[in-house]
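1. quick one, what's the 3D model for this:
(one chain, ligands or ions: 7)
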Amino acid sequence: MRIKLSLQNMAARVELGDLAVSDSPPYCIHGPTLVFRRYYQEKHTSRQFYACAVHRNRKGCQFFHYTDQPLSGEKREHYMSLYREYQASLTQSHTVSLSSSSSAAPPINSISFCIECSLLYATDKDGHIHNKHSHRERITKEEAQQPTLLLYPASDNKGQAQYFFSDKTHSFILSEMKRLNFSHAICLGTPKIFEALAGAGIKGFLLDIDHRFHQFYGGEVFQRFNMFNGFFYDEGKGKESLMRFIESVPQDRILLIIDPPFGGLLNALRTGVDIIWNLIGTECSTLLVFPYFNEVHVTESFPTFLMLDYQVTYGNHRYYGDNGKKGKPSPVRFFTNIPLPGLVLPTDEGYKYCSVCNRYVSSLNEHCSICDCCTSKDGRSYKHCHQCGTCVKETHDHCLTCKSCQPSQHDCQQKSMRKSGCFVCGAFDHKKQHCPSRPSRHLRNDKRKMSFVSKRKPVLRKRLKSKSNISSSTSKT
Ligand SMILES: C[S@@+](CC[C@H](N)C(=O)[O-])C[C@H]1O[C@@H](n2cnc3c(N)ncnc32)[C@H](O)[C@@H]1O
Ligand SMILES: [Zn+2]
Ligand SMILES: [Zn+2]
Ligand SMILES: [Zn+2]
Ligand SMILES: [Zn+2]
Ligand SMILES: [Zn+2]
Ligand SMILES: [Zn+2]
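-> Residues are numbered from 1 along each chain as shown. Ligands and ions are numbered 1, 2, ... in the order given. Presented below is the predicted three-dimensional model:
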């Protein structure tokens, strides 16, 4: 299952538009909208519009407004009132708060949880409302501290899908956090990690769009936040509350850990992450979860990040679990600005240390002496193709028609038909590599180049290796 980063078809393609988010976009019921640009292949034109910053299809949110069409103050206010009404409706049925800061927090054994309504309730008072629903009678202290065990995971893959890390991945993250001496973590879309932090002696702050967490956590540790535009739903206190957490600790002891929905636009995510990095005052150590086959897009938006070989798995995902899809390993990885030599991958789970690359890699990832690095991306062995000048999957062979390595059963003609235009400027007569609007290779970040294994030069690699040993935290300009 490959996840598209932009909505593409032969006639039009949609990407993030040019207008800055700060240009006061109108609100849909989910908050400030984002500007997108739709490219029309036939007319060689494009047009920008505002659409939802949370849901990526019309089913999730109907909002649509062309940026070149007038938007009266009255209309804006109408949208705003729909937003306020909808947001109020999300929490109006919350009657119980387990937040430790709430003075009215009731004794745990008097509280039950309705799975169907995703609601905590006082058993004696509201039991009759939920008795016929599937529910957990009188929750325990442990359950109260682990809402991800109680809440059924949201399942909309075009918006808010929730997949929780498997026990293996969960333990790996926690053990590396402890080993690297992080005392604080900002969990962006990582509620399960957040729950486990207290047990590991780490202080956490959860940023997530899911309003259901309000029942379990107070504002001093949880704020609703949209990672695709950096919007705090509590416009009065949200940012200040995160700021207080940040100010209580030196910058280099904070880890930001992000597991976004993979259908989201990475350049929009960068906007949200920038808001957090700016509050911290530096690009703090960060772990971002994303599939390896989107590496180019990830490093385009996060040029200081490199990909780690560790295979991230989920407890409740059909394909990305510990057993993989039909025995295939999970394609999900960590991208990080933490120097790779500093991260230790578990050898008992099939990782080894490559002393030439100076990092841990998957046990089947062989060091290629021509590329001068361990080249596998999917965790299986790669082979070097002299015509392509790069390592390729073992299942691929060099095709003289396509002039590249392709799966042995591929259809050459169909491949040449697949035209989706340039990812940088949107034109359909060239690809990103040949885009005149793209900055020259020399201007792009060194580390980004490192991710393009095929173009890597031994001399450049050595320089990067010595650089990455120095520091991961680069101040934001
Ligand atoms: C794939 S789950 C990751 C959960 C993580 N693996 C864990 O075990 O803690 C994605 C999380 O991001 C949250 N989320 C989805 N869209 C979001 C958005 N636009 N802004 C902030 N959080 C969002 C979801 O509510 C969910 O908790
Ligand atoms: Zn919306
Ligand atoms: Zn109920
Ligand atoms: Zn190597
Ligand atoms: Zn090679
Ligand atoms: Zn080849
Ligand atoms: Zn071919």
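2. and the helices in the stretch 151-300 of the chain?
-> 167-179, 191-197, 238-247, 266-280, 295-301 (DSSP state H, counting those that start in this stretch).
3. how about residues contacting the longest one?
-> Applying C-beta atoms under 8 Å, 6 or more residues apart in numbering, the external contacts of helix 266-280 come out as 5, 16, 21, 34, 53, 186, 188, 207, 225-230, 239, 242-243, 246, 251, 254, 256, 258, 260, 283-284, 286, 290, 294, 297-298, 300-302, 476. (Glycine included, C-beta is placed from N, CA and C.)
4. ditto for the second one
-> Identification of contacts with helix 191-197 by C-beta under 8 Å, 6+ apart yields 145-148, 162, 164-165, 170, 173-174, 185, 187, 203-206, 208, 210, 213, 257.
5. just the third one next, same as before
-> Judged by C-beta under 8 Å, 6+ apart, the contacts made with helix 238-247 from elsewhere in the structure are 184, 186, 203, 205, 207, 219-221, 223-225, 232, 234, 254, 276, 279-280.
6. out of these, name the ones that lie in strands.
-> 184, 186, 203, 205, 207, 223, 224, 225, 232, 254 (DSSP state E).
7. neighbours around the last one, how many?
-> When you say that, I think you mean residue 254. 24 (other C-beta atoms under 10 Å).
8. likewise the third one?
-> Burial of residue 203 is recorded as 16 neighbouring residues (other C-beta under 10 Å).
9. any idea what the closest residue to it other than its chain neighbours is bridged to?
-> Leaving aside its sequence neighbours, residue 203 sits nearest to residue 184 (C-beta to C-beta, 6 or more residues apart in numbering; 4.9 Å). Residue 184 has the following beta-bridge partners by DSSP bridges: residue 203, residue 254.
10. distance of residue 184 from residue 312?
-> 22 Å (C-beta to C-beta, to the nearest Å).
11. neighbour count: those two, which is higher?
-> residue 312 (25 against 21).
12. now do that one, the pLDDT please.
-> Residue 312 is assigned a predicted lDDT (pLDDT) of 95.
13. what's near enough to touch it?
-> With C-beta under 8 Å, 6+ apart, residue 312 has these contacts: 165, 169, 289, 320, 330, 332, 333, 334.
14. hmm, 7 Å instead?
-> By C-beta atoms under 7 Å, 6 or more residues apart in numbering, the contact list for residue 312 reads 169, 289, 330, 332, 333, 334.
15. and stretch 368-385, what's buried?
-> When burial is assessed from 16 or more other C-beta atoms under 10 Å, stretch 368-385 yields the following buried residues: 368, 371, 372, 373, 374, 375, 376, 377, 378, 379, 382, 385.
16. can you list those in TSV and add distance to ligand 2?
-> Putting those into TSV (distance: C-beta to the ion, whole Å) gives the following:
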residue	distance to ligand 2
368	46
371	44
372	47
373	43
374	43
375	41
376	40
377	34
378	35
379	37
382	42
385	45
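17. now go through those residues and say which are in strands.
-> 368, 373, 374, 382, 385.
18. I figured the second one hits residue 358, correct?
-> No - the pair residue 373 / residue 358 is not scored as a contact, 10.2 Å apart, by C-beta atoms under 7 Å.
19. sec struct for the most far-flung residue of the chain relative to its centre, please.
-> When distances are taken from the C-alpha mean of the chain, residue 124 lies farthest, 40.9 Å away, according to C-alpha atoms, centre = their mean. Applying DSSP: H, G, I helix; E, B strand; the rest coil to residue 124 yields a three-state assignment of helix.
20. that one - nearest residue in space that isn't next to it in sequence?
-> residue 110 (6.8 Å).
21. the one you found: neighbour count?
-> 14.
22. from residue 126, how far out is it?
-> For residue 110 relative to residue 126 (C-beta to C-beta), the value is 11 Å.
23. ok, residue 186 next?
-> 34 Å.
24. neighbour count: those two, which is higher?
-> Using other C-beta under 10 Å as the criterion, residue 186 and residue 126 rank with residue 186 on top: 23 against 18.
25. dump the ones in strands among the buried residues of stretch 368-385 to TSV, plus pLDDT and distance to residue 95.
-> Formatted as TSV, those follow (pLDDT from 0 to 100; distance: C-beta to C-beta, whole Å):
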residue	pLDDT	distance to residue 95
368	97	61
373	96	57
374	97	55
382	95	56
385	96	63
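26. between these, which is closest to ligand 5?
-> Closest approach to ligand 5 among those (C-beta to the ion): residue 368, at 3.2 Å.
27. isn't residue 259 up against residue 173?
-> No - Residue 259 lies out of contact with residue 173 (C-beta under 7 Å); the separation is 10.1 Å.
28. run a quick neighbour tally on residue 252.
-> The local packing of residue 252 (other C-beta under 10 Å) involves 15 other residues.
29. neighbours of the residue in the stretch 151-300 of the chain positioned nearest to ligand 1, how many?
-> For the stretch 151-300 of the chain and ligand 1, the shortest gap (C-beta to the nearest ligand atom) falls at residue 189, measuring 2.8 Å. Neighbour count of residue 189, defined by other C-beta under 10 Å: 24.
30. that one and ligand 5, how far apart?
-> 35 Å (C-beta to the ion, to the nearest Å).
31. now do the closest residue in space to that residue that isn't next to it in sequence, the pLDDT please.
-> Once flanking residues are discounted, residue 189 sits nearest to residue 259: 5.1 Å by C-beta to C-beta, 6+ apart. Looking at residue 259, its pLDDT stands at 97.
32. dump the residue contacts of residue 259.
-> Contacts of residue 259 (C-beta under 7 Å, 6+ apart): 189, 190, 289.
33. my guess is the last one contacts residue 332. True?
-> Spelled out, that is residue 289. Yes - counting by C-beta under 7 Å, residue 289 does reach residue 332; the two are 6.1 Å apart.
34. ok so, going back, of the contacts of helix 266-280, buried ones?
-> 5, 16, 21, 34, 53, 186, 188, 207, 225-230, 239, 242, 246, 251, 254, 256, 258, 260, 283-284, 286, 290, 294, 297-298, 300-302.
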